[in-house]
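Engineer: how does the following fold in three dimensions:
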Amino acid sequence: MKLLLHTCCAPCSVYCIDSLRKENIEPTVYWFNPNIHPYTEYKARRDCLKEYTKSIGVEAIFEENYGLKDFCKNVIGDLDNRCQNYCYPVRLEQTAKYAKENGFDTFSTTLLVSPYQKHDLLIKVAEQMAKKYDIDFLYRDFRVGFREGQNKARELGLYMQKYCGCVFSEQQIFLAHTNTKPNLPEGFEFLPVKRNIIISKEKNDKKQYINLLLEADPSEKIIQEYLKDGDLFVLRYKDDVVCIAVVTKLDNDTVELKNIVTKEEFRGEGYAKKMIKYLADNYKQRYKKMLVGTTENNIPFYVKQGFDKYEKTIKNFFVDNYDEEIWDGDLKCIDLIYYSKNLTDKN
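Structural biologist: Now for the predicted structure:
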């Protein structure tokens, strides 16, 4: 198999190349990233990739196109959808086109390793380009090795970027970083509602919180099952319930975040992040790991909260366990994807 592997940076390529080689697939790395800015960032990633591929004996092709003007022209009209409207298509189309014109059998991309990327959209765009240029697209869910690859990249001293590439994602990271440890407003407190609450015996509690829990999990039956032995936490602002979460014990080392939801009028203000930090601080005294099962769209949020190790995927979970179709925005929920957070980390 002759594979052209679109590559966004050296750290993301580490696990992808290693795992492909274990399959006896020797990729040719292809650098084409006109969405990476400013030029100092573009150059740092490109040069690091050149050195890394040379050090491990991988053939690499570097298509020089800084592309700032075209990037700005194509994304400025719809910044929120820049990934699917420009960043994914422009790179994957060029990769598929180059692969077809230069005798490759198939193509793929290291973007598939990142839990921060929109995985389903990447696949969709890649398949469209494969059809357009009559060439195969090699799909692998490289996310299973994201943490392994990142750790190896750090050990090798590779340049570790802080954002996906475009200047708008850099802005988002900067704004999030400047608010990493905000002080709670006056009158704001975490209130743990009776530990090991049994919902079936405490009707008032069920009536008080069930509707909000249903916004994140539309099955009252499933909610009642994990509420029986779960710990229910409430984050209040004065007299208002803002965010609630349910955590269950899996074994002596592991707990699972079963449900977390913020009232609609308080969403987007970081309260779920505060809740997760509180839960981690609370459970790290007794447990080593916290799991969370989530949908494709929410993986980036949980990774940013420290759930950065892929654990497993339960295929067709939402199809098999819910009577009606479940949608998360424009994504139809099918598989339940598990990530974990190491509670013993000092960071």
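
Engineer: confirm that Tyr98 sits in a strand.
Structural biologist: No - according to DSSP: H, G, I helix; E, B strand; the rest coil, the state of Tyr98 is helix, so it is not within a strand.

Engineer: surely it meets Thr28?
Structural biologist: No - Tyr98 sits out of contact with Thr28 when judged by Cβ atoms under 8 Å, with a separation of 10.1 Å. (Each C-beta comes from the backbone N, C-alpha and C, glycine too.)

Engineer: what about the helices in the stretch 51-200 of the chain?
Structural biologist: Along the stretch 51-200 of the chain, the stretches classed as helices by DSSP state H, counting those that start in this stretch are 68-75, 82, 88-101, 119-133, 146-156, 167-177.

Engineer: out of the ones you listed, deepest packed?
Structural biologist: Each of the helices of the stretch 51-200 of the chain was given a mean neighbour count from mean count of other Cβ atoms under 10 Å, and the largest, a mean of 21, is that of helix 88-101.

Engineer: residues in contact with that helix?
Structural biologist: Surrounding helix 88-101, the residues in contact under the criterion Cβ atoms under 8 Å, 6 or more residues apart in numbering are 4, 6, 8, 30, 32-35, 61, 63, 67, 70, 74, 104, 106-107, 109, 111, 118, 121-122, 125-126, 129-130, 132-135, 137.

Engineer: give me the neighbour count for the closest residue to Asp70 other than its chain neighbours.
Structural biologist: Computed as Cβ to Cβ, 6 or more residues apart in numbering, the closest residue to Asp70 that is not its neighbour in sequence is Pro34, at 6.4 Å. A count of neighbours around Pro34, defined by other Cβ atoms under 10 Å, yields 22.

Engineer: anything in contact with each of Tyr98 and Thr28?
Structural biologist: Counting by Cβ under 8 Å, 6+ apart, the residues touching both Tyr98 and Thr28 are 4, 61, 104.

Engineer: which of those ranks first by neighbour count?
Structural biologist: The member of the shared contacts of Tyr98 and Thr28 that has the most neighbours, counting by other Cβ under 10 Å, is Leu4 with 25 neighbours.

Engineer: what's across from that residue in the sheet?
Structural biologist: Note on Leu4: beta-bridge partners Thr28, Phe107, judged by DSSP bridges.
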